[in-house]
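Chemist: Below are the sequence and a predicted model for it; my questions follow.
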Amino acid sequence: MKIEHLGIAVKSLSDSDNLFARLLGKSNYKQESVEREGVTTSFYELGESKIELLEATNPESPITKFLDKKGEGIHHIAFGVENIQTEIERLKKEGFIFISEEPKEGADNKLVVFLHPKSTNGVLVELCQEKP
């Protein structure tokens, strides 16, 4: 397991892309829409880890709800795993609660699943596996 990326909720992807490009001294390598989740993402590589900026594309998006409640900031931490099904089963046995136990297609060519923050000290945790 490794830290795959940190997800940061932002109000304006264009403003935040400008800020992070200046902060990191490089441009994003990818911008992608995930319509099912109501977000547009922008990714920055940092060594073996990444930063994912998330902008809501509709009022029902989880990012809209997050921004309304908490404002801009860290939304989730994502751990890269070799086998997402194995990790789901292992973590269920450890008593962790999942938002959904069924992996779905996420951004950046990944299969993803989220653990409920109630079982992870208030932090939204994403597990992600490179799609085969």
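Modeler: Nice, I can see it.
Chemist: For E4, which non-adjacent residue is spatially closest?
Modeler: Distances taken as C-beta to C-beta, 6 or more residues apart in numbering put G80 closest to E4, at 3.5 Å, once the chain neighbours are dropped. Bear in mind the C-beta positions are built from the backbone N, C-alpha and C, glycine included.
Chemist: measure the one you found to K110 for me?
Modeler: According to C-beta to C-beta, to the nearest Å, G80 and K110 sit 8 Å apart.
Chemist: Mind listing the shared neighbours of these two?
Modeler: Between them, G80 and K110 share these contacting residues under C-beta atoms under 8 Å, 6 or more residues apart in numbering: E4, C128, Q129, E130.
Chemist: which residues does the second one form a beta bridge with?
Modeler: Spelled out, that is C128. Per DSSP bridges, the residues bridged to C128 are G80, V112.
Chemist: neighbours of it, just the number please.
Modeler: Number of residues near C128 (other C-beta atoms under 10 Å) recorded here: 22.
Chemist: what's it in contact with, if anything?
Modeler: Contacts for C128 (C-beta under 8 Å, 6+ apart) come out as E4, H5, A78, F79, G80, V81, I84, G106, K110, L111, V112.
Chemist: now these in TSV, with neighbour count, pLDDT and distance to E32?
Modeler: Formatted as TSV, the contacts of C128 follow (neighbours: other C-beta atoms under 10 Å; pLDDT from 0 to 100; distance: C-beta to C-beta, whole Å):
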residue	neighbour count	pLDDT	distance to E32
E4	23	96	15
H5	24	97	13
A78	24	98	15
F79	16	97	20
G80	19	97	17
V81	20	97	21
I84	18	97	19
G106	23	92	10
K110	20	95	11
L111	18	96	15
V112	22	97	13
